[in-house]
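Engineer: only geometry, no sequence info:
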């Protein structure tokens, strides 16, 4: 999950019974953050006034594949498993599906999971889906979902932004 604090984006997570935000070196931090190895952490509460948003986000592309006909929308992002490195900033993304699919660029990495590195230029649409726990300074009683249609460049920028 992510938190926006004073217009800065941080990782947000529950860890060992407390809620914390994490920042990497180079991200804006103040005296309220404690250094823990390669990161800085701060204990927070979702009700804190300085937190404007708390959310999770998923990124999607529209892509047709002749071997997986029942799926036209695919989740993409950093960290999907593959046999070689891929970088969204180079116009590549990795999609995955349950089941052993082979051929047409698909590879299986065991246990009925398959993946394929695709070119963003081959995609027909791009979107992000946010699920907010807190939005615009207000804690949500139920999660609020917002889907946003994007351009290819906007998708790349958002994925890179969420590498915090």
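Structural biologist: Received it, and whenever you're ready, just let me know what you need. The structure displayed is predicted, hence computed values, not measured ones.

Engineer: from now on I want contacts and neighbour counts done on CA atoms only, so please keep to that.
Structural biologist: OK.

Engineer: who does the residue nearest to residue 57 when sequence neighbours are not counted bridge with?
Structural biologist: Excluding the flanking residues, the one nearest residue 57 by C-alpha to C-alpha, 6 or more residues apart in numbering is residue 130, at 4.5 Å. Judged by DSSP bridges, the bridge partners of residue 130 are residue 57, residue 146.

Engineer: residues making contact with the lowest-mean-pLDDT helix or strand in the chain?
Structural biologist: Least confident element among the helices and strands of the chain, by mean pLDDT, DSSP states H and E: strand 107-108 (a mean of 88). Residues outside strand 107-108 that contact it (C-alpha atoms under 8 Å, 6 or more residues apart in numbering): 100-102, 114-116.

Engineer: that strand pairs with which strands?
Structural biologist: Applying DSSP bridges, strand 107-108 is found paired with strand 113-119 (antiparallel).

Engineer: pLDDT on the strand it pairs with, on average?
Structural biologist: On average, the pLDDT along strand 113-119 is 92.

Engineer: quick one: contacts of it?
Structural biologist: Contacts for strand 113-119 (C-alpha under 8 Å, 6+ apart): 81-82, 86, 91-102, 105-109.

Engineer: again, but for stretch 88-98
Structural biologist: Contacts of stretch 88-98 (C-alpha under 8 Å, 6+ apart): 74-78, 80-82, 86-87, 112-121, 156, 159-160.

Engineer: and stretch 9-18, by the same measure?
Structural biologist: The list of residues contacting stretch 9-18 from outside it, by C-alpha under 8 Å, 6+ apart, reads 1-4, 19-23, 43, 54, 162, 164.

Engineer: before we move on, the earlier item: so who does the residue nearest to residue 57 touch?
Structural biologist: Going by C-alpha under 8 Å, 6+ apart, residue 130 touches 55-58, 144-147.
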